[in-house]
Structures are given as structure tokens and as C-alpha cells.
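S.K.: Show me the folded form of this:
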Amino acid sequence: MNSASSPSLPPVGPALRLGVLGGGQLGRMMIQEAMNWDVRVEVMDPSGEASCRHLTSRFVKGDLQDATAVRAFGEGLDAITVEIEHVSVEGLQALADNGVQVVPRPAHLSLIQDKGLQKQAYERWGIPSAPYQLIDGLADVNAMGFPVVQKLRKGGYDGKGVQVLRSAEDAAVRGFDAPCVLEQAVDIDKELSVIVARNASGATAVYPVVEAVFNPEVNLVDHLMAPAAISAQLEAEARQLALKVVTSMDFVGLLAVEMFLDRNGALWVNEVAPRTHNSGHHTIEGNVCSQFEQHLRAVLNLPLGDTSPLHPASAMLNLIGAPDAHGTPVYTGLEEVLEWPNVHVHLYGKSTVKPHRKMGHVTVTGPDVASVQRDVLKLRERLQVNGTKTA
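M.R.: Presented below is the predicted three-dimensional model:
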């Protein structure tokens, strides 16, 4: 047995049974890394058309929030992890109680599933975060005045479940009538992200800070730039703040820490994701150890990998479905961009496209941020995801 691995796990290789709850693109890219070590990943997903379905040694169609289904899937596994946080904590806790290594821990998933509990935890730990109030429904949406950011406490994902409300009239039309977090709107200069890995031995690895540029129409990341255009001091502060979140939580696994940099130069933690994350996709080509390999290392309690960048600059552009795209995906312009020597295309294996659905991403590397930024802007024009049908 590898002395660096957890004593409860078999050696890395085909004897090790690793399960993943969720079979989307995050699981798919992790499996691609796991193949290098001959780790044969088993996957459960509610969709029979999941991106991972053809890459697994065992695929189970099932409800990730059904405790009985999760427990049945995980029986006999050595370790289990997630590619989405909306899973049954009860089912995972039962597996942990029966000796399956669960990463991240069920208690951490329970905390992260509830944005209200997240905010309270930041307060306890002295983590700077936007002032907030917890409300039960729309009747209290004006508790902090306007403008205000309203977030569903549970169920929000990938830009959904978050609204910026600028007036009472706005709230009446778009507000959520459910338990929510109200946050004071931050005067944002930049949106940043830091990915941190921590294994069960307590070793940590922190990736360089990246800057996210959002598409305001669909509340998704359009592209990200690495390194972020911030000072060396702010880079150090952001990495230290992300590490403080991880150590305060005693987290094990891979954690993406999303932050705001306000116009006064202050950093605020926005939210965290206990898994591989869109803001780390560029690491496949951009860093010595990708976030997906790093996730495996953390889950299996192996030595953590080198997070150093391989290029002076890199970027990631999300490929999303065109506003009228439906049916089988058609990647217009793919052959042209594949001629570019610094471009790496990753398609997620989704059988159907919908408007604004994430279908893949492109990594761009280069000698400096300015040239990479120019290539990203050209890519947005040249590479489109359409469909065989239009609405």
C-alpha cells in the first residue's frame, strides 16, 4: 500500500472503488484524470443521458437527493465524492458510518447547501462577507432596503436562485417567496475565485487567483482570466483568505472560494463550492496539476499536486448554447479554432443543446494577459454552439 494514501483505502488502481454523485461535465473531466491512474470510477446521476455515462465502470440512474438510493449506490465503495452539492447528506452520512470514505464530509455539504448557514459560519470565523439578514419569505424582502441581493437559502445553482432587487416593484415581480438570505449589494470592482485543496492529513494547496467576467444576461461566467489583474499584495491576501475559510471549516477535499473585490480594495467572500469548479477549468492546460487531478488527490488522501502556472497567462471561455439553439449540438467554427496553436477545446458530451446551456469550454494560453484576452474575444465570435432545431 502507498504509505501516503489513507490506510482504509486499497492502493490506487483497479482495486480501488471510487464513486461520484453526479455525472455531468465535472465528473467527466475528473474521470479523464482518473483513467491515468487506472482508477475505475462509478457514477450515479438522475439522467440516463449524463455526460459520464459512457466513461464509467458502473453507471446508476438515480435521485441524488434520495437517501435510500444514495446509500444503495455507495454500498461496497471504498470512497465517494460529489460533483454537485445538492445530494442527500443523510445517505452520505449512512455510508460514512459504514466505513466508506466520504469527501467532502456530509456535515460540510449540509453547511454549504444552506446559504444562511454559510453566512452565519463566516460571521463566527471572522471571514469578511457582505452584511446580511435571513428572511422567511417575500413579506420581509425590504428588511435591508434596496438595492439588495436576494438568494434562496437552498437549491440555487449555477446562477439560479439569485436576484438583484432594486425596488419594491422589482421585488414584487422577481423576488423569491421562500427562505432566503438578503445581502447588502457590494460595489464590485472584480469577481475573483481561489481554489484550495486540503487532504485528510491536513496538507493544503492553493491555486493562483483568477478573475471572472460574467454574462449579465444569464448570470453565468462568460470567461475567466489567470492571473487576475490585481496587485501581488491582493493576490496574497485573497489566497490567505481562501485558506482561512478551508482551515476554519476543517474542510477536506477541493473548495472553490468565490470573492468580491470592492472599489475600496477590500475582499469579501461571496460563496463556496465543495467540488471542482468552473473557475478552475483552465488548470487542465494552465497549471502543473489540474483541479480535477487535485480533487482526486484530496479525496484519496494522496500528496497534493503543484499548483504553479505553466504559462504566463491563461483563460477559459465557456461554450454555451446560442439563444435559439435546440436539438443536437452543432459546433460552428470548431475546425477554424482548432488551427490556433494555443487553444484547447473541451466538449462535455451533452446530447442536446438548449439556450445558454453549458456545452463545453475552451482554454487559451499565451505570453501575457492582453494577448490571451484578445484571443478570447475572437473565440467568442468564431466558435458558436447551435442546434439542429431552432425555437
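
S.K.: Sketch out the helices for the protein, chain order is fine.
M.R.: Remark: helices of the chain, listed N- to C-terminal, are 25-34, 67-74, 89-97, 106-113, 115-125, 168-174, 232-249, 283-286, 291-299, 334-337, 369-382; assignment by DSSP state H.

S.K.: on contacts alone, who are the packing partners of the first one?
M.R.: Read that as helix 25-34. When contacts are defined as 3 or more Cβ pairs under 8 Å, 6 or more residues apart in numbering; DSSP states H and E, helix 25-34 sits against strand 17-21, strand 40-45, helix 291-299. (Each C-beta comes from the backbone N, C-alpha and C, glycine too.)

S.K.: Residue 78: what's it in contact with?
M.R.: Shown in contact with residue 78 (Cβ atoms under 8 Å, 6 or more residues apart in numbering): 8, 9, 10, 16, 17, 18, 100, 101.

S.K.: Recalculate using a threshold of 7 Å.
M.R.: Remark: with contacts taken as Cβ atoms under 7 Å, 6 or more residues apart in numbering, residue 78 is in contact with 9, 10, 16, 17, 18, 101.

S.K.: picking up where we left off before, output the helices and strands packed on helix 25-34 in TSV; the columns should cover distance to residue 106.
M.R.: What follows is those, written out as TSV (distance: least, Cβ to Cβ, whole Å):
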stretch	distance to residue 106
strand 17-21	12
strand 40-45	16
helix 291-299	14
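
S.K.: related to what we said a few turns ago, of all the helices of the chain, which gets the most neighbours per residue?
M.R.: Mean neighbour counts were taken over the helices of the chain using mean count of other Cβ atoms under 10 Å, and the top value, a mean of 27, falls to helix 291-299.

S.K.: Distance from that helix to the middle of the chain?
M.R.: 13 Å (Cα atoms, centre = their mean, to the nearest Å).

S.K.: packing partners for that helix?
M.R.: If contacts are counted by 3 or more Cβ pairs under 7 Å, 6 or more residues apart in numbering; DSSP states H and E, helix 291-299 sits against helix 25-34, strand 188-198, strand 253-262.

S.K.: so which of these comes closest to residue 302?
M.R.: Nearest to residue 302 among those is strand 188-198; the distance by Cβ to Cβ comes to 10.5 Å.

S.K.: can you list contacts of that closest one?
M.R.: 204-207, 209-212, 214, 228, 238-239, 242-243, 246, 251-252, 254-263, 277, 279-280, 291, 294, 297-298, 304.

S.K.: Give the closest residue to the most centrally placed residue in the chain in space, chain neighbours not counted.
M.R.: By Cα atoms, centre = their mean, the mean C-alpha position of the chain lies nearest to residue 277, the distance being 2.3 Å. If you skip the residues right next to it in sequence, residue 277 has residue 256 as its closest partner in space, 3.4 Å away by Cβ to Cβ, 6 or more residues apart in numbering.

S.K.: pLDDT and distance to residue 31 added to the contacts of residue 78, as TSV?
M.R.: Converted to TSV, the contacts of residue 78 look like this (pLDDT from 0 to 100; distance: Cβ to Cβ, whole Å):
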residue	pLDDT	distance to residue 31
9	89	18
10	90	18
16	96	14
17	97	14
18	98	10
101	97	18
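
S.K.: Between those residues, identify the one with the most neighbours.
M.R.: residue 18 (25 neighbours; other Cβ atoms under 10 Å).

S.K.: dump the residue contacts of that residue.
M.R.: Applying Cβ under 7 Å, 6+ apart, the residues near residue 18 are 39, 41, 42, 77, 78, 79.

S.K.: do that again at 8 Å, thanks
M.R.: 34, 39, 40, 41, 42, 77, 78, 79, 80, 81, 299, 300.

S.K.: Which member of these is positioned nearest residue 92?
M.R.: Ranking the contacts of residue 18 by separation from residue 92, with Cβ to Cβ as the measure, puts residue 80 on top at 7.1 Å.

S.K.: Report the contact partners of that closest one.
M.R.: Taking Cβ under 8 Å, 6+ apart as the definition of contact, the neighbours of residue 80 are 18, 19, 20, 21, 74, 92, 95, 100, 101, 102, 103.

S.K.: from memory residue 360 sits against residue 337, does it?
M.R.: No. Counting by Cβ atoms under 8 Å, no contact exists between residue 360 and residue 337, whose distance comes to 11.6 Å.

S.K.: Now the common contact residues for these two.
M.R.: Jointly contacting residue 360 and residue 337 under the rule Cβ under 8 Å, 6+ apart are residue 345.

S.K.: the domain parsing of the protein - what is it?
M.R.: Annotated domains of the chain cover 17-102, 131-184, 188-390 [automatic domain parsing].

S.K.: Kindly reformat the ones you listed as JSON lines containing distance to residue 125.
M.R.: Below are the domains of the chain laid out as JSON lines (distance: least, Cβ to Cβ, whole Å):
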{"stretch": "domain 17-102", "distance to residue 125": "19"}
{"stretch": "domain 131-184", "distance to residue 125": "15"}
{"stretch": "domain 188-390", "distance to residue 125": "4"}
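
S.K.: Tell me which of those sits nearest to residue 121.
M.R.: Comparison of the domains of the chain against residue 121 by Cβ to Cβ identifies domain 188-390 as nearest, at 7.3 Å.
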